[in-house]
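Asks: Any chance you could fold what I've pasted below:
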Amino acid sequence: MLTFEGQQVQGSAAIVNKLKSVGQVRHSVKTTDIQPSSNPNAIVIFVTGAIQIGGDNPLHFCEFFHLVGTGPGQYYVHNDVFRLNYGL
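Replies: All right, here's what the predicted structure looks like:
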């Protein structure tokens, strides 16, 4: 599942369509925090930075991922929460 600015999108095809609908995007990552999950085969990641969509001014963002392992060095995104940070 992907939550993008409060909108929940579920299923691989729906998530890809949502991400494509945003347009051209450039990320500049500022911080990354990684911790183990309660599941021994999973990790959680929190990222902050700036995102530029099209030619617009960069905006601050934060994003949380919950990655679950499917094999050695292999993960899939189980949860993803993305937020733009306005008024900073």
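
Asks: Neighbouring strands - and their directions - for the helix or strand of the chain with the lowest mean pLDDT?
Replies: Taking mean pLDDT, DSSP states H and E as the measure, the helix or strand of the chain with the lowest value is strand 2-4, at a mean of 87. The pairing partners recorded for strand 2-4 under DSSP bridges are strand 7-9 (antiparallel), strand 74-85 (parallel).

Asks: List the buried residues for stretch 63-83?
Replies: Buried positions in stretch 63-83, judged by neighbour count with 16 or more other Cβ atoms under 10 Å: 63, 65-67, 75, 80-82. All C-beta spots, glycine's among them, are computed from the backbone N, C-alpha and C.

Asks: Run through this protein and note the low-pLDDT ranges.
Replies: 88 (pLDDT under 70).

Asks: for it, what spans make up the strands?
Replies: Taking DSSP state E as the test, the strands found in the chain are 2-4, 7-9, 25-36, 42-53, 59-71, 74-85.

Asks: Tell me which two in the buried residues of stretch 63-83 are the farthest apart.
Replies: Farthest-apart pair in the buried residues of stretch 63-83 is Tyr75 and Phe82; separation 17.8 Å (Cβ to Cβ).
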